[in-house]
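Enquirer: need the 3D shape of this:
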Amino acid sequence: MRPNKPDHSTSLLDKQAAWLADYKPGLRVTEQGTVVSIGDGISWIKGLPSAAIEDILIFADGSRGMVFDLNRDRIGAILLYETEALTAGTTVHLSRHSLSIPVGIEFLGRVIDPLGTPLDGLPPPRPTARENMEKGSPAIIARDFVHKPLYTGIKIIDTLIPIGKGQRQLIVGDEGLGRTSIAIDTVINQKGHNVLCIVVLIGQKRSAVVSTLETLKNHGALDYTVCVVAEASALPGLQYIAPFAGCALAEYWMAQGRDTLIIYDDLSTHARTYRELSLLLRRPPGREAYPGDIFFVHSRLLERSTCLNAENGGGSMTALPIIETQQGEIAAYIPTNLISITDGQIYLDKDLFVSGFRPAIDITRSVSRIGGKAQHSSIRDQAGQMKLDYLQFLELEAFTRFGQRLEASMEARIKRGRLLREILKQDRLVPHSTLFQLAWLTAFNDGLFNQTDPKDIPKMLARIKQGVETATLTIDSGREQWQQALNSWLQPS
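Expert: This is a model prediction of the structure:
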């Protein structure tokens, strides 16, 4: 005989009966507000006396907003979702929830808006967890020293401006100098390195967003990446919360012990959006019309990027915020704010870009304050010697512009520096392995390029790359082994 199936309808009736037995009628008081005016992505509301900053508001027409400003007689809110039916007189209620986003491994490979809604036309993911967008940064006792390298695949960065997992490294420069290219190259280079990536695109045109997504997809990087998009046509409120949404996704994985990389592209647009919302809500303007708390907004965002210790899972969140300068003015308000918050900057120079040196990174203005601690000892030793040669070359080259005659030893240094400049040139979307970085560093320091014509440098590097791909050497192999291998690879055929 078949066993009797449980009668779920009976159990449901029992629960309803128990609920009715305990129910006691009484008065229920709820607050209700009314929209006074609406426009430019904000809404003024009267009523709701218990509302607090960052409370989520539910409008009767289905729109959503967030409390952004409190006055004596009304509330200023930014809109996160707006329907065509939203107008003055619409009733508003408090949701009693803070702003959050669904998180989970289900978002890998997806394109979403800052609220977690898919933008790629695929079915919505079904995550089981949510994370608040606004959270405090990890406590000092929960953090660890930056001790693991994060390789970008870009020669000049991995050798001279190294980045460690958990570091905040600013990418700064004028528009059109390749800031985004550096960030995308870094994401592509994480393939096979067990690093989860989040790319936050703020206020960009749809064509630029599609181009970025196509690049990631064509290089197989979208499989381990989440793209959070608030394009130029999105509500200013969505553009404002976009970096916090991406940070919440990365923070969730970091708490699980995973290594993450997050790109903020870019925080200049984010700052302008925050200024726009603040001025519309009649907040007092400060320097360059930005509200005085713009520093606090970016600091509380970037301070959440760190490296956790083993007791807290050992995960990390590496941040690469991008910032725009005008005519190379690095001393402007927003760039100086972010330089003081981050652990170093990669500065792109227009003159270098025009001269054909790509990526156009100015070594004299770029710095990584903590990344060198995480650099592998073999690369650190070789890179230290090379950096000294390059900086001396830059100083000596300035004298040649005035037609000064130099000694033979200085002429040799200038020739060696120009060879190094050719070596450091690199096309976009062609990241290099760690072994290749160590190989060319060793070859340069040992003088194997000294007799090479600058135009033949690409051929020499191609030989080294081919040799590295077929060799059994590792990054911990001895210097003599590397020297023997390099001599055989670079020997004229």
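
Enquirer: in the stretch 1-150 of the chain, where is pLDDT below threshold?
Expert: For the stretch 1-150 of the chain, the stretches with pLDDT under 70 are 1-11, 27-28.

Enquirer: now stretch 443-463: buried residues?
Expert: Using 16 or more other C-beta atoms under 10 Å as the test for burial, stretch 443-463 gives Ala443, Phe444, Asn445, Leu448, Phe449, Thr452, Ile457, Met460, Leu461, Arg463. Using the backbone N, CA and C atoms, a C-beta is placed for each residue, glycine as well.

Enquirer: who touches that stretch?
Expert: When contacts are defined by C-beta atoms under 8 Å, 6 or more residues apart in numbering, stretch 443-463 is touched by residues 382, 385-386, 415-416, 418-420, 422-423, 440, 464, 483, 486-487, 489-490.

Enquirer: quote the end-to-end distance of that stretch.
Expert: Stretch 443-463 has an end-to-end distance of 12 Å (criterion: C-alpha to C-alpha, to the nearest Å).

Enquirer: related to what we said a few turns ago, among the contacts of stretch 443-463, which ones are buried?
Expert: Using 16+ other C-beta under 10 Å as the burial test, those include Gln382, Met386, Arg416, Leu419, Leu420, Glu422, Ile423, Trp440, Ile464, Leu486, Trp489, Leu490 as buried.

Enquirer: and the helix or strand containing Leu79, how far out from the chain middle?
Expert: Here Leu79 sits within strand 75-81, counting by DSSP states H and E. Here strand 75-81 is found 26 Å from its chain centre; the criterion is C-alpha atoms, centre = their mean, to the nearest Å.

Enquirer: one more: stretch 311-319?
Expert: For stretch 311-319, the distance from its own C-alpha centre to the chain's C-alpha centre is 15 Å (C-alpha atoms, centre = their mean).

Enquirer: mind listing what's buried in that stretch?
Expert: Using 16+ other C-beta under 10 Å as the test for burial, stretch 311-319 gives Asn312, Gly315, Ser316, Met317, Thr318, Ala319.

Enquirer: and the first one, what pLDDT?
Expert: For Asn312, the pLDDT comes out at 94.

Enquirer: try the fourth one
Expert: Model confidence at Met317, given as pLDDT, is 97.

Enquirer: for the helix or strand that contains it, packing partners?
Expert: Met317 is located in strand 316-324, with elements delineated by DSSP H and E. Judged by 3 or more C-beta pairs under 8 Å, 6 or more residues apart in numbering; DSSP states H and E, the packing partners of strand 316-324 are strand 170-173, helix 179-189, helix 236-255, strand 259-265, helix 267-280, helix 294-302, helix 333-341.

Enquirer: so Ser37 sits in a strand?
Expert: Yes: when classified by DSSP: H, G, I helix; E, B strand; the rest coil, Ser37 is found to be part of a strand.

Enquirer: can you list the residues that contact stretch 242-251?
Expert: With C-beta under 8 Å, 6+ apart as the test, stretch 242-251 has contacts from 99-101, 103, 107, 114-116, 131-135, 196, 198-202, 226, 228-230, 260-262, 264, 267, 270, 301, 304-305, 317.

Enquirer: next secondary structure element downstream of the strand holding Leu79?
Expert: Counting by DSSP H and E, the next helix or strand C-terminal to strand 75-81 is strand 91-98.

Enquirer: list the contacts for the nearest residue to Tyr252 once chain neighbours are set aside?
Expert: The spatial neighbour of Tyr252 that comes closest, neighbours along the chain excluded (C-beta to C-beta, 6 or more residues apart in numbering), is Val103 at 4.1 Å. Going by C-beta under 8 Å, 6+ apart, Val103 touches Pro127, Ala129, Arg130, Glu131, Ala248, Leu249, Tyr252.

Enquirer: hang on, the earlier thing: can you select the buried ones from the contacts of stretch 242-251 in ChimeraX?
Expert: Here is the ChimeraX command that picks out the buried ones among the contacts of stretch 242-251, judged by 16+ other C-beta under 10 Å:
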select :99,100,101,103,107,114,115,116,131,133,196,198,199,200,201,202,226,228,229,230,260,261,262,264,267,270,301,304,305,317
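
Enquirer: count of residues packed around Lys425?
Expert: Burial measure for Lys425: 15 neighbouring residues, criterion other C-beta atoms under 10 Å.

Enquirer: that one and Leu160, how far apart?
Expert: Going from Lys425 to Leu160 by C-beta to C-beta, to the nearest Å gives 14 Å.

Enquirer: just the strands from the stretch 51-200 of the chain, written as ranges.
Expert: Defined through DSSP state E, counting those that start in this stretch, the strands belonging to the stretch 51-200 of the chain, from first to last, are 55-59, 64-70, 75-81, 91-98, 100-103, 111-112, 129-132, 170-173, 195-202.

Enquirer: how far off centre is whichever helix or strand comes after the last one?
Expert: Read it as strand 195-202. Along the chain past strand 195-202, the next helix or strand (assigned with DSSP H and E) turns out to be helix 206-218. For helix 206-218, the distance from its own C-alpha centre to the chain's C-alpha centre is 16 Å (C-alpha atoms, centre = their mean).

Enquirer: likewise for stretch 135-143?
Expert: Taking the mean C-alpha point of stretch 135-143 and that of its whole chain, the gap between them comes to 19 Å (C-alpha atoms, centre = their mean).

Enquirer: need the contact partners of it.
Expert: Residues lying outside stretch 135-143 but in contact with it, judged by C-beta under 8 Å, 6+ apart, are Gly166, Ala248, Glu251, Arg300, Glu303, Arg304, Thr306, Cys307, Leu308, Asn309, Glu311, Asn312.
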